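**Student:** Task: produce atomic coordinates for the following.
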Amino acid sequence: MSDVDNRPSTWRVVLAAIFDFLTIFILGGWLIAALTGGLTGHGFALNGWPALLLFVLIIAYFVVGNRIGGTLWKRILRAR
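**Tutor:** Okay, here's the model as predicted:
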C-alpha cells in the first residue's frame with residue numbers, strides 16, 4: 001500500500017514528458033541547425049542526417065535521463 005502512495009500523479013508524468021520532448025526538440029534542434037547551417041528566419045529546418053541526429057539525440061535524452069534518476073522536467077515536477 002505504501003508503494004501506491006509514493007507514485008507521482010499521472011498528470012505530472014505526462015506533463016513532464018511533453019515538456020521534456022519540447023525542451024530537447026527546441027534546444028537540440030537549434031543547436032544542430034546552428035552547427036549544420038539549418039537555421040532559417042523563422043527557426044530551423046533539418047533534413048537528412050541532421051534530422052536523424054536530432055531523433056537520436058531525443059531518444060538518448062530520455063534513455064539516459066531515466067537511467068540517472070529522471071529527466072529535467074521529471075525532477076522539476078517531482079514525477080519520478
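
**Student:** Can you show me the CA trace of stretch 18-29 as PDB?
**Tutor:** This file holds the C-alpha atoms of stretch 18-29, laid out as PDB (Å, rounded to 0.1, in the frame of the first residue of the first chain):
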ATOM      1  CA  ILE A  18       5.700  16.800 -23.000                       C
ATOM      2  CA  PHE A  19       7.900  19.500 -21.600                       C
ATOM      3  CA  ASP A  20      11.000  17.200 -21.900                       C
ATOM      4  CA  PHE A  21      10.200  16.500 -25.500                       C
ATOM      5  CA  LEU A  22       9.700  20.200 -26.300                       C
ATOM      6  CA  THR A  23      12.800  21.200 -24.500                       C
ATOM      7  CA  ILE A  24      15.100  18.700 -26.200                       C
ATOM      8  CA  PHE A  25      13.500  19.200 -29.600                       C
ATOM      9  CA  ILE A  26      13.800  23.000 -29.500                       C
ATOM     10  CA  LEU A  27      17.300  23.200 -27.900                       C
ATOM     11  CA  GLY A  28      18.700  20.200 -29.700                       C
ATOM     12  CA  GLY A  29      17.200  21.200 -33.000                       C
END
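
**Student:** what comes up buried for it?
**Tutor:** The neighbour-count criterion (16 or more other Cβ atoms under 10 Å) identifies F19, D20, I24, G28, G29 as the buried residues of stretch 18-29. Heads up, the C-betas are built off the backbone N, CA and C, glycines and all.

**Student:** ok, the first one - contacts?
**Tutor:** This points to F19. F19 makes contact with W73, L77, according to Cβ atoms under 8 Å, 6 or more residues apart in numbering.

**Student:** For it, give its distance to R7.
**Tutor:** 19 Å (Cβ to Cβ, to the nearest Å).

**Student:** Before I go, just wanted to say thanks for your time.
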